[in-house]
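In: Below is the structure, and that's it, no one-letter string:
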């Protein structure tokens, strides 16, 4: 399918792995210039750029720029670099985030909460504040934020993450109401238990606790902790990326202020 976005420029945060890198591959095949960003200019980010370059078509360019979304000045510097190099970003896929502090609610401190909020909520606020003006200047824009099944079906040990992801959906809706008349569209996706570095780390920790393999830890987790996943498996990053690519396209021109669950049936309610 021709997404009709050849020549556009996209910023992907959390771009060195998982959902970010898979979405980048979809977009560069459509001729979209992609900036991959993560908090460190490390070997993972450089390797991600090399991987995505293999998929480039129609003159697409790929660049890696480090930026820590928990630091406002670094987000502003990122925006300035993209404006200078490409004239601004038409598309923002903000996939950077962290599980943050987890555990018994009464044992989580203010500091635990604030560290999670700084990344998972305020990171999105900073990105939107820095890049909406670029989209306005370009008179065309798509911003996709990442929420989670946790926003609808919260898990008790992840209360800061749950709250931030619910807030992301509200933020996206607020932005859609504020700027849609300027041809800027804002949407959310809510993935559940996808094969990403975050869930990989969770499963490695669980495997150690249970003295078993990661594969068996995944099976145990699906059965005991995520029993509502109708498909009974982890999702693949490309299964999420394909939906994001559609939301970036001209074909999604009447999708605005929406949240799309990509969860294999993980949310039990029909109306979540």
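Out: Right, received. Where do you want to start? These figures come from a predicted structure and were not determined experimentally. Residues are numbered from 1 along each chain as shown.
In: For the stretch 1-150 of the chain, just list every one of the strands.
Out: Using DSSP state E, counting those that start in this stretch, the strands of the stretch 1-150 of the chain run over 9-13, 33-38, 62-66, 91-94, 141-146.
In: could you dump those to a markdown table with mean neighbour count, mean pLDDT and distance to residue 209?
Out: For glycine as for every other residue, the C-beta is placed from the backbone atoms N, C-alpha and C. Formatted as a markdown table, those follow (neighbours: other CB atoms under 10 Å; pLDDT from 0 to 100; distance: least, CB to CB, whole Å):
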| stretch | mean neighbour count | mean pLDDT | distance to residue 209 |
| --- | --- | --- | --- |
| strand 9-13 | 27 | 98 | 31 |
| strand 33-38 | 27 | 97 | 28 |
| strand 62-66 | 19 | 96 | 33 |
| strand 91-94 | 27 | 98 | 32 |
| strand 141-146 | 26 | 98 | 27 |
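In: Take these and write them to TSV, including distance to residue 265.
Out: As requested, the strands of the stretch 1-150 of the chain are arranged in TSV below (distance: least, CB to CB, whole Å):
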stretch	distance to residue 265
strand 9-13	27
strand 33-38	31
strand 62-66	34
strand 91-94	24
strand 141-146	19
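In: Ok, which of those strands comes nearest residue 105?
Out: Distance to residue 105, taken as CB to CB, is lowest for strand 141-146 among those, at 23.6 Å.
In: Just checking: what are the partner strands of that closest one?
Out: strand 91-94 (parallel), strand 184-191 (parallel) (DSSP bridges).
In: quick revisit: any idea which of the strands of the stretch 1-150 of the chain gets closest to residue 77?
Out: Closest to residue 77 of those, according to CB to CB: strand 62-66, at 8.8 Å.
In: which stretches of the protein aren't confidently modelled?
Out: 272 (pLDDT under 70).
In: Show me where it has its helices.
Out: 18-28, 43-53, 72-86, 110-120, 122-138, 159-179, 197-210, 214-224, 237-248 (DSSP state H).
In: Relative to residue 1, which of those is closest?
Out: Going by CB to CB, the one of the helices of the chain nearest residue 1 is helix 237-248, 8.4 Å.
In: Give the other helices and strands that that closest one contacts.
Out: Packing partners of helix 237-248 (3 or more CB pairs under 8 Å, 6 or more residues apart in numbering; DSSP states H and E): helix 18-28, strand 91-94, strand 141-146, strand 184-191, strand 259-262.
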